[in-house]
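In: fold the stuff below for me.
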Amino acid sequence: MSIAYLNGEYLPLEEARISPLDRGFLFGDGIYEVIPYYNGKSVGLMPHINRMINGLSIIEIKNSHTADEWKTLLDDLIAKNSDLGENLGVYVHISRGTDTKRNHAYPENVEPTIFCFAFGIKSPEPADRTKVHQYSLISTEDLRWQRCHIKSTALLGNVIHYQEGHSSGNDEALLYNAKGELTEGSSCNAFIVKDGVISTPIQDNQILPGITRRIIIDSIKADGSLKLEERTVTMDEVRNADEVWVTSSSKEIAPVTKLDGKPVGNGEVGEIWEKAFNIYTAAKFDY
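Out: Numbering: from 1, shown residues only. Prediction:
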């Protein structure tokens with residue numbers, strides 16, 4: 001039985017109740033995070049927490065916990081759900097809270113709703129080009145809002161794009177802006193490889209500051225054996241890349257071998273993916 005946390009109380013997930021006047025329900029007015037734990041060890045826990053705290057500040061939701069208090073809360077929740085398996089994810093959802101009416105303006109004197117629950121996740125993919133799951137994607141113009149750097153619970157734009165990929169029998173949708181420049185996936189960040197050089201879009205308001213993305217960039221630069229650039233990436237470059245990856249806390253580094261029905265590179269998982277995945281795997285529990 002999954003144990004959830006709701007506004008200071010641990011309780012069975014099926015007993016958790018939130019008012020329909022909660023602004024998270026009415027407006028998607030909130031911030032969320034999803035954090036993986038493998039055999040009780042978190043990946044990027046403090047970067048996730050700090051991103052969440054920053055997001056709360058940007059949209060002016062009161063945060064009554066320090067980063068260390070958040071860490072203790074989430075570690076405790078994982079411990080209470082150890083019967084769910086060795087590998088768990090924890091979902092954290094903080095809305096502005098429940099008002100007495102529906103009004104677009106931020107209400108005063110309401111307490112945020114804090115909801116967290118744990119769930120089983122799959123084991124990490126093997127760092128083996130012959131065994132890893134290969135992803136198939138479509139590409140489509142990015143029609144979401146212009147504040148994608150905020151990890152908002154208002155995910156309808158992402159959901160619609162993700163469904164485009166799902167409905168066409170693919171794993172994801174890769175997005176590009178009106179200039180034909182790569183932004184990210186509907187639920188992930190994106191990288192390409194050409195002639196041994198790894199490239200990923202610059203962090204701006206068009207993409208989420210992904211924690212896995214940051215661990216990949218930092219660990220590869222620290223290792224020094226691969227070249228990585230943060231820069232503008234065009235869709236022409238994506239379509240002519242030797243490798244394409246999508247990255248997230250749940251996917252880690254997922255190799256894409258088909259885009260819009262055509263093979264990426266030679267249609268096989270690349271050597272650079274394998275090297276990068278090994279570097280990331282060695283470093284991920286350090287964050």
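In: strands along the stretch 51-200 of the chain, start to end?
Out: 87-95, 113-120, 135-141, 172-176, 182-185, 189-194, 197-200 (DSSP state E, counting those that start in this stretch).
In: for those, which one sits closest to Gln163?
Out: For Gln163, the closest of those is strand 172-176, at 8.4 Å, according to Cβ to Cβ. Bear in mind the C-beta positions are built from the backbone N, C-alpha and C, glycine included.
In: neighbouring strands of that closest one in the sheet, and parallel or not?
Out: Note on strand 172-176: by DSSP bridges, its sheet partners are strand 135-141 (parallel), strand 182-185 (antiparallel).
In: what's in contact with it?
Out: Strand 172-176 is contacted from outside by 135, 137-142, 144, 161-162, 164-165, 182-188, 190, 235, 238, 244, 246, 256, 259, using Cβ atoms under 8 Å, 6 or more residues apart in numbering.
In: that strand vs strand 189-194, what angle?
Out: 80 degrees (axes from the mean of the first three to the mean of the last three Cα atoms, to 10 degrees).
In: is it true that Lys251 touches Cys188?
Out: Yes. With contact defined as Cβ atoms under 8 Å, Lys251 reaches Cys188; the gap is 5.9 Å.
In: quick one, which of the two is more surrounded?
Out: Comparing Lys251 with Cys188 by other Cβ atoms under 10 Å, the one with more neighbours is Cys188, at 28 against 20.
In: check what pLDDT the more buried one gets.
Out: Confidence at Cys188, expressed as pLDDT, is 98.
In: for it, give the beta-bridge partners.
Out: Going by DSSP bridges, Cys188 forms beta bridges with Gly185.
In: surely it touches Gly210?
Out: Yes. Using Cβ under 8 Å, Cys188 is in contact with Gly210, at 7.3 Å.
In: overlap in contacts, the two.
Out: With Cβ under 8 Å, 6+ apart, Cys188 and Gly210 have common neighbours 247-248.
In: if we can go back for a sec, winner for burial among the strands paired with strand 172-176?
Out: strand 182-185 (a mean of 26; mean count of other Cβ atoms under 10 Å).
In: average pLDDT for that one?
Out: 98.
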